[in-house]
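**Q** Have a look at this prediction, sequence included:
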2 protein chains.
Amino acid sequence: MDKMTIPRRHFLVGAAGTVCTGAVVGSGAGSALAQDTALPDYVAWKEPGAFIQHSENTLETLRGEIGSVVTPNDLLFVRNNLPSLTEDDVGDPEAWTVSVEGVSDPREITLAELKGLDVAQVASVLQCSGNGRGFFEHETSGSQWLTGAAGNVIWTGVPVASLVEALGGVADGVQWMTGTGGESIPDGIDPLSVMVERSVPIAAHEQALLAWNLNGEPLPLAHGGPLRLVVPGYYGVNNVKHVKRLAFTEAETQAKIQQSGYRIRDVGVEGAPDQPSMFEMNVKSWVTQPLMDASSGRVLVMGVALGGTEELATVEVSTDSGATWSEARFTGPDLGPYAWRSFVIATDLEPGTYRIASRATTVGGASQPEDFPPNHRGYGHNGWSAHAVDVTVS
Amino acid sequence: MDKMTIPRRHFLVGAAGTVCTGAVVGSGAGSALAQDTALPDYVAWKEPGAFIQHSENTLETLRGEIGSVVTPNDLLFVRNNLPSLTEDDVGDPEAWTVSVEGVSDPREITLAELKGLDVAQVASVLQCSGNGRGFFEHETSGSQWLTGAAGNVIWTGVPVASLVEALGGVADGVQWMTGTGGESIPDGIDPLSVMVERSVPIAAHEQALLAWNLNGEPLPLAHGGPLRLVVPGYYGVNNVKHVKRLAFTEAETQAKIQQSGYRIRDVGVEGAPDQPSMFEMNVKSWVTQPLMDASSGRVLVMGVALGGTEELATVEVSTDSGATWSEARFTGPDLGPYAWRSFVIATDLEPGTYRIASRATTVGGASQPEDFPPNHRGYGHNGWSAHAVDVTVS
């Protein structure tokens, strides 16, 4: 039986009002309805009806599905650069090996060994670089994500710092931590053109994990199991799935995904290594309720906000398209600097139409801009205006 | 397709070593093997193979299944005093009503209205009063729970304090908060003899919620959906499922479950209202890994610890049956005073047999005793000795 068939059928589809809210992912620019098409086999265990399916490898969580500070596995978005590994590909997961290079004592180490080395749990936002792409006004290639290429999850794994220490420390001259995914590369294709290999600045290894558990469950293959490199605070692409190699290197990888992919540049410009790479996430927030309509009187405006790699200071909400702002209250546990926080504010709205926006600010003073400048691939959108929702109050 | 069929089959059953660890719930006193019998229909969405099924209404999470600070819904134990409501019983969940009494403005309020009033998220341990009953040496009636009638979850709901404020405050003379479950009572039975109606001291309303969401999913019926009274820090029975009535009262309910049930008394003594009731949880911890065997050398000892209603100060671990102790390290996010925390300590063990124990202490100085005194129904066991595991290192 599907995990939530009973409660879902009952609690979402059974409640007409909730269907309206739950099925709409935005309003104004970028509205979209849930798709009732079946999910691909490799993610068939996920919640049916909770996603927009952009492609076989990309599932977006509906904006109204975010109901808690932790995103359950079956509501978490999916974005795979290459097809996910299968059980046959992986074999015995405990025997999965990762080659650790660029340390004093380089070696291959199994998942079973990693589990005996050290353990930590970190809550972090997992977010695709292109989350919000659908809000740009210029044309962009790639999935037209709105808000749902993001989730907040708890990883369990071995701290990379503990692994490095056990292997004698990093080699001299190292500037990057490079992770390589274990996906197979089709014959006849230049591996560098398609392989998932990413380098992040060496400092990021201090908060990184090699993770085998997602929200208390063995890390599903669709999310990079049996072992994934997790770099809290960094965009999704840096969190290399099915990680087979962890190398501390003097230079960035030559893979296309690093050299020209995931680079911020002006519209029409080719990607190049001298452009900013999609490393640390920026401050961002969005409203998750209401999304379309509400009854007049007391209306709770709820949402989520992240600081990237910084703690959040405040989230403000506007019901008049940014003319005036009021500070919202955080709800629920603070899961640390890499997690998102849930927020709520009670408003009193008469019948009419309202453009409701949210704007987050970090303790370091970084704040969401009204608009985010266009860039060729549509990365990193955190403009509060485009993320606003138009709500009809009656 | 079952939610975790792919990852589970692959990651647990596929790994012989993990099967040994995962399938054993204790060692020494109270060992038990996982049961492969099918789960009852109303919880068929849960993880097969992760539970000991004590009865139709009681599922215990295997000790080795705890792999994260938050317990996923499909690994959460089940203990229902009466059969769970069905979808047909509930109808439209948004129209579910709870009668709020003993306030200035008593009224029936729907779930939809509650959702518009206020919202909070609280992480708390949900634990049956009889968790650990199987560790008592005297004979007790009831499910012989070991460690698995407990989980750590995140609830979303309306703070009872906000509801009370909206209804003008509690009436004069009120000393108790009384919740009544919506289960139907068979004809011909005195309702007081079976109904789930519990009273807790009025002060507990300050941290209580009426919750509709469990770990980001609509609260499943098996766990008290569509609406449950949650009293963080209090034993499970006080968290009334399918709550239909929330009354602020001058006296405790006359229901048997309150008057004589869930009372701590000497073995052979009848339950009575003057005996301590199972309200606030006591400080407790237990090891979740290793449970049976380990390879010599570096061995990570992991577990979970709760302070009841107090923050934890320390957890110590002994590998020599309590002769010597070393302080463990907390891993992962601190979800607040009502949640449990995960801990780990690295040990260095030569081949041999070890009795491994853990002992938690709160900031207020409450600490687990070596032994917990026998009591008639086997409630509240937090003795560190009985919770220890015998591990063979080879």
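**A** Received it, and whenever you're ready, just let me know what you need.
**Q** part of a strand, is residue A:109?
**A** Yes: assessed with DSSP: H, G, I helix; E, B strand; the rest coil, residue A:109 lies in a strand.
**Q** Next, residue A:60: secondary structure please.
**A** Residue A:60 - assigned by three-state DSSP - is strand.
**Q** Contact partners for the residue of the stretch 51-200 of chain A found nearest chain B?
**A** Residue nearest to chain B within the stretch 51-200 of chain A (CB to the nearest CB): residue A:121, separated by 2.7 Å. (Glycine included, C-beta is placed from N, CA and C.) The neighbours of residue A:121, taking CB atoms under 8 Å, 6 or more residues apart in numbering or on different chains as the test, are A:154, A:155, A:156, B:68, B:69, B:331, B:332, B:333, B:342.
**Q** Dihedrals phi and psi, the residue lying closest to the first one once chain neighbours are set aside?
**A** The one in question is residue A:154. In this structure, residue A:154 finds its nearest non-sequential neighbour in residue A:123, 4.8 Å apart by CB to CB, 6 or more residues apart in numbering or on different chains. Main-chain torsions, residue A:123, degrees, to the nearest 10: phi -90, psi 130.
**Q** right, and residue A:123 touches residue A:338 too?
**A** Yes: between residue A:123 and residue A:338 there is a contact at 6.6 Å, judged by CB atoms under 8 Å.
**Q** what distance separates stretch A:309-327 from the middle of the whole chain?
**A** Stretch A:309-327 sits 22 Å away from the centroid of its parent chain (CA atoms, centre = their mean, to the nearest Å).
**Q** Same check on stretch A:81-93?
**A** With CA atoms, centre = their mean, you get 21 Å for stretch A:81-93.
**Q** Return the set of buried residues in it.
**A** Using 16 or more other CB atoms under 10 Å in any protein chain shown as the test for burial, stretch A:81-93 gives A:81, A:82, A:84, A:85, A:90, A:92, A:93.
**Q** That stretch spans what distance, first to last residue?
**A** 22 Å (CA to CA, to the nearest Å).
**Q** quick one: average confidence on that stretch?
**A** Averaging pLDDT along stretch A:81-93 gives 93.
**Q** Stretch A:68-76 too?
**A** For stretch A:68-76, the per-residue pLDDT averages 96.
**Q** what's across from the residue of the stretch 51-200 of chain A closest to chain B in the sheet?
**A** With DSSP bridges as the criterion, residue A:121 is bridged to residue A:156.
**Q** now swap in the one 4 residues further on and tell me
**A** In this structure, residue A:125 bridges to residue A:152 when assessed by DSSP bridges.
**Q** Would you agree it is in contact with residue A:306?
**A** Yes: using CB under 8 Å, residue A:125 is in contact with residue A:306, at 4.8 Å.
**Q** what does the stretch 51-200 of chain A have sitting close to chain B?
**A** Neighbours of chain B within the stretch 51-200 of chain A, by CB under 8 Å from any CB of the partner chain: A:66-75, A:87, A:90-94, A:112, A:115-123, A:154, A:156.
**Q** In strands only, show me those.
**A** Within these, residues falling in strands by DSSP state E are A:120, A:121, A:122, A:123, A:154, A:156.
**Q** I'd like to know which of the residues you listed is nearest to residue A:237.
**A** Closest approach to residue A:237 among these (CB to CB): residue A:122, at 18.1 Å.
**Q** What's the separation between residue A:238 and residue A:124?
**A** 11 Å (CB to CB, to the nearest Å).
**Q** sorry, back to before: would you convert the contacts of residue A:121 into TSV that also reports distance to residue B:243 and neighbour count?
**A** Converted to TSV, the contacts of residue A:121 look like this (distance: CB to CB, whole Å; neighbours: other CB atoms under 10 Å in any protein chain shown):
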residue	distance to residue B:243	neighbour count
A:154	29	24
A:155	34	25
A:156	33	27
B:68	28	22
B:69	27	25
B:331	34	19
B:332	31	22
B:333	29	23
B:342	30	26
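**Q** In CSV, list those along with distance to residue B:48.
**A** Formatted as CSV, these follow (distance: CB to CB, whole Å):
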residue, distance to residue B:48
A:154, 23
A:155, 25
A:156, 22
B:68, 19
B:69, 24
B:331, 28
B:332, 27
B:333, 29
B:342, 25
